[in-house]
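Peer 1: Model the structure of this input:
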Amino acid sequence: MPVEHQLWLIPLFPLLGFVLNGTLGRRLPRSGVAAIALLFTALPAIWVVRLWQFMLSHDVLQITAAYAPWIQTSNFTVRFAFTADHLTLIMLGVITGVGFLIHLYSVGYMAHEDGYWRFFAYLNLFMFFMLVLVLAESFLLLFVGWEGVGLASYLLIGFYWTKPSANNAGRKAFVVNRIGDFGFLLAMFLLINHFGTLSFVQIFSALNRQPELHGGFLTTIALLLVVGAAGKSAQIPLYVWLPDAMEGPTPVSALIHAATMVTAGVYLVCRTHLLFDRSPFALGVVAVVGAATALFAATIGMVQHDIKRVLAYSTISQLGYMFLGCGVAAYSAAVFHLMTHAFFKALLFLAAGSVIHALSGEQDMRKMGGLWRRTPVTFWTMTAGVIAIAGIPPFAGFFSKDEILYRTFASPNHLGILLWAVGLLTAGLTSFYMFRLWFKTFFGAVRFDERDLGQVHAGEDEHDEGQAHAHGVHESPWVMLLPLAMLALLSLVGGWVGVPQALKGSNHLEHFLDPVFALTSVPENVVSADQVSHGLELGLAAASTLTALLGFAAAYAFYFQKPGTLGRRAADSSVYRLVAAKYYVDEIYQAAIVTPLYSVSRLVLVWAIDSGVVDGSGAAAAWLTRSAGEGTRRIQSGNLRSYAGWLAGGAAAVILLMTYTSLARHSTLVQHLPVNLFDHR
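Peer 2: Down below sits the predicted model:
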């Protein structure tokens, strides 16, 4: 079978894993559930490797496999088809590779949890929908995967269904993403109206045949796609669901933040870049939203105490960097950062889970400290992730983040320098809050009582305390440490595929993606590798490195040399209270949007429709039935004279009806007789 005809196998494997564990998992031992989940996650990774080998060895830029017509009318057709190009290869590699490591880690992390089979079934379902999303050949099939990852995230975020906050977080993620999805749907309707198709190939071919098309309806479509992307990738103003998603198990956080759901919005913008290239305004909106989100989330991350929430706001901020790269048409740089971010953010979340495991469910960094000797593997691997996200060379995050900052500075966008300054400031804040997490977690005085540990083993503090296992501080098992070691290695070397020429590299990743992002309509919006100023690039790289080191120095001073001094000083600051309250965005949304909508819904749906129409119609039917029964009941009086009267009245009515019918028939007959029948002359 040709390789292109095997594309459907890549998403099929995790779907089979979901079906098997979802139907049989309750009756299988935990080892069997884990074996199914791992097998059906490893197989698509093997198929992706084969796909890489085929496309690179045969110098194939794109393959498409159309399996059957899906929707077909007289003038509109959608094929059920998968496609793969160089962008798809990178996304598939990230999803299957990092996804498999997260599954492997989960075998140990969730070992003592109820619903073990259900958890792995949901994980496999998540993988299936994300693979469908990136392999889709049309907007419609991509939307199926898009909605599917939303469903899977709802199930996984609310995995601890007995906990109200987990249920609320799942619903919040589901509802907020539906707002973004509405924009995506409107964009698809406009695409059908103007192009008559939802196929990527056909739409992009039509754009290339019409170079005069700019702005106008293309801007509207692009902005609607931005709304959808902002929902999935947690950008302003639709970011509020992602911090609450921490209610799910830690492997879920790693999967959502690193390899699947939140990358979907960035992927959508990159995949549809030809639409954005025709609208400088839409590109500008993407850049401004990305820069604003990066800075906004970084400030909140500086004051969080929950180790997972620090990483959650860090994810929002790093996604802002990716949007910034897309907004200055540096799509390759955005994908580069998406890839490296998957490595070090998965590492950071899984290492945080290892810390939580060691402390039997504790997530508050104020109750940690002094762990570097007790959990050495977790410490060293997490150190690699912290250095990578801080942007310190030669770790992966330095190369990808610096590429975005440089392309922003050199962009013809009139806000380029301002956006670069925001990105540079965000880099310093990122370094500060990540090293703050590092120092508070692993160094300083021990701030926990080991005798109080043991509420939960291998999980969160919100789990069923009936499952408690008393353990002291302990390192995680090998099944959790092996993924940490592999991700730490990727966090170190993963950025070397994109070393720029200014640093004596060849930026292989950018050249690899050139066939995907080769622009024919607005090349002036792109700063290519051949146009760069190596001196300027080195200078900007030095500036970003110095900024990261300053962030480290500040964290070292306030959380290692003199721990607690900054917190005591800042506690009385109104600015600190504002940031600690997350700028009251959730409260504003609750007061301005949620409460009014809830009140209107109660008025319209509960009082008017439910009480008025539904209950009212039921009450009216009951009244009519009761009234008819009351009238009919009077006939059954038990009086013989009454029965005789009713019988006589009924007989008279029948005779009158028969007489009337006979006369009416006779009258009709007379009217149709010939006129001369009554002529007696």
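Peer 1: what's downstream of the lowest-mean-pLDDT helix or strand in the chain, the next helix or strand?
Peer 2: When each helix and strand of the chain is scored by mean pLDDT, DSSP states H and E, helix 565-570 comes last, with a mean of 68. From helix 565-570 onward toward the C-terminus, using DSSP states H and E, the following helix or strand is helix 574-580.
Peer 1: The residue nearest the centre of the chain: what's it in contact with?
Peer 2: Most central residue of the chain, judged by C-alpha distance to the mean C-alpha position with CA atoms, centre = their mean, is Met261 at 3.3 Å. Contacts for Met261 (CB atoms under 8 Å, 6 or more residues apart in numbering) come out as 126, 130, 149-150, 153, 232, 255. For glycine as for every other residue, the C-beta is placed from the backbone atoms N, C-alpha and C.
Peer 1: Let me have those in JSON lines, adding secondary structure and neighbour count as columns.
Peer 2: What follows is those, written out as JSON lines (DSSP: H, G, I helix; E, B strand; the rest coil; neighbours: other CB atoms under 10 Å):
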{"residue": "Phe126", "secondary structure": "helix", "neighbour count": "28"}
{"residue": "Met130", "secondary structure": "helix", "neighbour count": "30"}
{"residue": "Val149", "secondary structure": "helix", "neighbour count": "25"}
{"residue": "Gly150", "secondary structure": "helix", "neighbour count": "21"}
{"residue": "Ser153", "secondary structure": "helix", "neighbour count": "28"}
{"residue": "Lys232", "secondary structure": "helix", "neighbour count": "29"}
{"residue": "Leu255", "secondary structure": "helix", "neighbour count": "30"}
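Peer 1: so what's the backbone phi/psi at Gly444?
Peer 2: Note on Gly444: its backbone torsions stand at phi 80, psi -170 [degrees, to the nearest 10].
Peer 1: count of neighbours near it?
Peer 2: Other residues near Gly444 number 16, with proximity taken as other CB atoms under 10 Å.
Peer 1: Tell me where the model's unsure across the chain.
Peer 2: With pLDDT under 70 as the threshold, the chain has low-confidence stretches at 1-4, 449-471, 519-532, 567-571, 607, 610-612, 631-638, 666-681.
Peer 1: In it, spot the strand with the most residues.
Peer 2: Counting by DSSP state E, the longest strand found in the chain is strand 62-72.
Peer 1: Can you list the strands that that strand pairs with?
Peer 2: strand 77-85 (antiparallel) (DSSP bridges).
Peer 1: what sits against the nearest residue to Val78 once chain neighbours are set aside?
Peer 2: What sits nearest to Val78 in space, not counting adjacent residues and going by CB to CB, 6 or more residues apart in numbering, is Ile71, at 4.3 Å. For Ile71, the residues meeting the contact criterion (CB under 8 Å, 6+ apart) are 77-78, 140.
Peer 1: If any of the residues you listed are buried, give me the ChimeraX selection for them.
Peer 2: Taking 16 or more other CB atoms under 10 Å as the burial criterion, the selection of buried members of these in ChimeraX is written as:
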select :78,140
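Peer 1: out of the contacts of Ile71, which one sits closest to Ala390?
Peer 2: Sorting those by distance to Ala390 puts Leu140 at the head of the list, at 40.8 Å, by CB to CB.
Peer 1: From His414, how far off is the closest one?
Peer 2: The spacing between Leu140 and His414, counted by CB to CB, to the nearest Å, is 37 Å.
Peer 1: what do you get for Phe76?
Peer 2: On the measure of CB to CB, Phe76 and His414 end up 41 Å apart.
Peer 1: Can you pick out the residue with more neighbours from these two?
Peer 2: Neighbours were tallied for Phe76 and for His414 using other CB under 10 Å; the higher tally belongs to Phe76 (11 against 8).
Peer 1: Test my guess that that one contacts Phe195.
Peer 2: No. Contact criterion CB atoms under 8 Å: Phe76 and Phe195 do not qualify, at 10.4 Å.
Peer 1: Hmm, Leu43 and Leu131 touching each other?
Peer 2: No. Proximity of Leu131 to Leu43 does not meet the contact threshold set by CB under 8 Å, at 11.6 Å.
Peer 1: ok, these two, which is more surrounded?
Peer 2: Comparing Leu131 with Leu43 by other CB under 10 Å, the one with more neighbours is Leu131, at 28 against 19.
Peer 1: on contacts alone, who are the packing partners of the strand or helix carrying that one?
Peer 2: Under the assignment given by DSSP H and E, the secondary-structure element containing Leu131 is helix 116-135. Contacts defined by 3 or more CB pairs under 8 Å, 6 or more residues apart in numbering; DSSP states H and E place helix 116-135 against helix 9-24, helix 30-57, strand 77-85, helix 86-109, helix 139-157, helix 263-271.
Peer 1: so can I have CSV of these showing distance to Gly645?
Peer 2: Formatted as CSV, those follow (distance: least, CB to CB, whole Å):
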stretch, distance to Gly645
helix 9-24, 71
helix 30-57, 80
strand 77-85, 74
helix 86-109, 85
helix 139-157, 70
helix 263-271, 81
